[in-house]
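In: this one's sequence-less:
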């Protein structure tokens, strides 16, 4: 039987417990999930690609069928290159749907046969985003219940350097 591979792209700046929840859920459905740190020149990122990759790898080390790559290009190209049949996207709220729907249709047009599969995180993570986490951390708010401990420490270090 052919293994089912999916790609889960994002900037993961930083990875949150909501992201990890989506990865764990998708790894129960797919044989292999490639967590893809996308390079997005339109986003101002706090962490370098290397720092983000290190954090994501540590966050998913307990999941044997998850791997991490950094990719600069169209996600459908990576999906084709890796033999993936699906792109994973997380939906936190109705407000995410319009953008994600447009992206799914574009990806379908760019790569027939690669479907977009939407996962909703556990309801306790539906309001989380990396941007909100960075904002709270920048004001020294408690982020420990939203990100893994090592990510919280990295955020604290990063914001102390910027003061």
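Out: Here it is on my side, so go on. Bear in mind that the values here come from a model prediction, so they are computed numbers and not experimental data.

In: Who are the contact partners of residue 130?
Out: By Cβ atoms under 8 Å, 6 or more residues apart in numbering, residue 130 lies in contact with 11, 12, 13, 14, 15, 16. Where you see a C-beta, it was placed from the backbone N, CA and C, and this is true even at glycine.

In: Mind checking which of those land in strands?
Out: Among those, no member falls in strands (criterion: DSSP state E).

In: List of residues touching the top helix by length along the chain?
Out: Ranked by number of residues, the top helix in the chain under DSSP state H is helix 94-110. The contact list for helix 94-110 (Cβ under 8 Å, 6+ apart) reads 74, 75, 76, 87, 89, 90, 91, 114, 115, 116, 118.

In: Any chance of the backbone angles for the first one?
Out: By that I understand residue 74. phi -70, psi 130 (degrees, to the nearest 10).

In: do the same with the last one
Out: Residue 118 adopts backbone torsions of phi -100, psi 130, taken as degrees, to the nearest 10.

In: Can we start the residue count at 40 from this point?
Out: All set: I'll call the first residue 40, so the last point we hit is now residue 157.

In: What residues are bridge-paired with it?
Out: For residue 157, the beta-bridge partners are residue 128 (DSSP bridges).

In: Show me where the protein has its strands.
Out: Applying DSSP E to the chain gives strands spanning 44-49, 71-77, 105-110, 125-129, 154-158.

In: quick one: strands adjacent to the second one?
Out: Within its sheet, strand 71-77 is paired with strand 44-49 (parallel), strand 105-110 (parallel), according to DSSP bridges.

In: ends of stretch 103-112, how far apart?
Out: Terminal residues of stretch 103-112 lie 26 Å apart, using Cα to Cα, to the nearest Å.

In: let me redo that: stretch 64-73
Out: 13 Å.

In: now stretch 64-77
Out: First-to-last residue span, stretch 64-77, Cα to Cα: 20 Å.
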